[in-house]
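> Quick check, what structure comes out for this input:
(one chain, ligands or ions: 1)
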Amino acid sequence: MIKACVVGWPITHSRSPMIHGYWLKTLGIDGSYEKLAVKPEDAFAFFQGLPGSGLTGCNVTVPLKEIAFEAADEKDSSAVAVGAANTIWIENGKILAANTDTYGFMTHLSATAPNWLDVDKPVLILGAGGAARAIAFGFLEAGIEQLMISNRTKSRAEKLGEHFSKYRNKIRIVDWDNRSSAAAKAGVIVNTTTIGMRNEGSLDLDFSQVDSTTVVADIVYVPLETQLLKDARQRGLKTVDGLGMLLHQAVPGFEKWFGRRPDVTPELRALIVGDLEAAG
Ligand code: ATR
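Modelled structure (predicted):
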């Protein structure tokens, strides 16, 4: 039996076992995917001990993603760009690491709003944490002309911009207070902050000047339709929810561990939506 898991501290709320369990069952694969709580102080040794442990690999969640990155022998371009890994697998005794958040976000965006790149306008990212970094990398690699980054703490946005020095002339830092005027110029707006999670806080974005072709994405998926997405939908804009990113980011890991590329199906989505609703 092939064994994989998700590690974090704590790990109780992870939906990954449900996602991978669904694929194992529907594809008829003899495998398992469990939750494993690993303390930060034990994490480096845990990752280094993966070869020969009986586990074929794992997903990694907060606060262990940076430690997983450090412990890996080889890292994909997104993991290097973000400085953190959420997917680990073993190949010829080596520890390989990827960050599939970039893939997850961009795949879901393209599936939901296929023409987003045709709208030849800047992309606005709200927030400057790890998720913002993964998503900024996705847009820059996709070849956008301009990326605007706005964060409550401006120095973090500047740091993010400096991190992508290769794309220096494409990145513009926008004051948090000016986010609505930046939104009015954007073709895609992405919330990567935690605002709106469990309906807490408000981004206070003024949609009145936003163009009707603008796509609005949120990485928050509890609730599934955040206030931001609701406001955007009521304004007639195309919206992209956060759950799709969670589902799509799981695909590459499953393929590495279990040898089959799974599909993100409406049935899988409904399963997770049902679980989110049951959890309140
Ligand atoms: P992650 O790595 O998961 O993206 P993070 O590093 O904790 O998470 O980042 C959270 C983001 O939400 C940050 O951009 C944070 O802004 P600051 O850098 O100013 O802290 C943003 N955020 C959280 N609460 C916020 C609030 N009430 N108002 C504005 N931004 C907020």
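
> And the strands in the stretch 1-150 of the chain, which stretches?
Counting by DSSP state E, counting those that start in this stretch, the stretch 1-150 of the chain has these strands, from start to end: 2-8, 31-37, 57-60, 74-75, 87-91, 94-98, 123-126, 147-150.

> To Gln48, which of those strands lies closest?
Nearest to Gln48, of all these, is strand 94-98, at 7.2 Å by CB to CB. Backbone N, C-alpha and C define where each C-beta goes, glycine included.

> Tell me which of the strands of the stretch 1-150 of the chain lies nearest to the ligand.
When the strands of the stretch 1-150 of the chain are compared by CB to the nearest ligand atom, strand 123-126 sits nearest the ligand, at 7.6 Å.

> Report all helices and strands that the closest one contacts.
Judged by 3 or more CB pairs under 8 Å, 6 or more residues apart in numbering; DSSP states H and E, strand 123-126 is in contact with helix 130-142, strand 147-150, helix 179-185, strand 188-191.

> Excluding sequence neighbours, find me the nearest residue to the residue in the stretch 101-250 of the chain that the ligand sits nearest to.
Using CB to the nearest ligand atom, Gly129 is the residue of the stretch 101-250 of the chain that sits closest to the ligand, at 2.4 Å. Excluding its sequence neighbours, the residue lying closest to Gly129 (CB to CB, 6 or more residues apart in numbering) is Thr192, at 6.6 Å.

> Local confidence estimate at that neighbour?
You'll see Thr192 listed with a pLDDT of 98.

> now the residue nearest the centre of the chain: how far from Val174?
The centre of the chain sits closest to Asp101, judged by CA atoms, centre = their mean, with a distance of 3.5 Å. Distance, Asp101 to Val174, by CB to CB, to the nearest Å: 23 Å.

> Next: Val215.
From Val215 to Val174 the distance is 18 Å (CB to CB).

> Any chance of JSON lines for the strands of the stretch 1-150 of the chain, columns mean pLDDT?
Shown next, in JSON lines, are the strands of the stretch 1-150 of the chain (pLDDT from 0 to 100):
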{"stretch": "strand 2-8", "mean pLDDT": "98"}
{"stretch": "strand 31-37", "mean pLDDT": "97"}
{"stretch": "strand 57-60", "mean pLDDT": "98"}
{"stretch": "strand 74-75", "mean pLDDT": "98"}
{"stretch": "strand 87-91", "mean pLDDT": "97"}
{"stretch": "strand 94-98", "mean pLDDT": "98"}
{"stretch": "strand 123-126", "mean pLDDT": "98"}
{"stretch": "strand 147-150", "mean pLDDT": "98"}
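
> want to throw the ones you listed into CSV with mean neighbour count and distance to Leu271?
Shown next, in CSV, are the strands of the stretch 1-150 of the chain (neighbours: other CB atoms under 10 Å; distance: least, CB to CB, whole Å):
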stretch, mean neighbour count, distance to Leu271
strand 2-8, 21, 17
strand 31-37, 17, 14
strand 57-60, 28, 18
strand 74-75, 16, 31
strand 87-91, 22, 21
strand 94-98, 21, 25
strand 123-126, 27, 30
strand 147-150, 24, 34
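
> any chance of those in CSV, with distance to the ligand too?
As requested, those are exported to CSV (distance: least, CB to the nearest ligand atom, whole Å):
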stretch, distance to the ligand
strand 2-8, 13
strand 31-37, 19
strand 57-60, 13
strand 74-75, 18
strand 87-91, 16
strand 94-98, 17
strand 123-126, 8
strand 147-150, 9
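
> Turn the ones you listed into TSV, including distance to Leu229.
Shown next, in TSV, are the strands of the stretch 1-150 of the chain (distance: least, CB to CB, whole Å):
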stretch	distance to Leu229
strand 2-8	27
strand 31-37	29
strand 57-60	26
strand 74-75	33
strand 87-91	27
strand 94-98	28
strand 123-126	13
strand 147-150	18
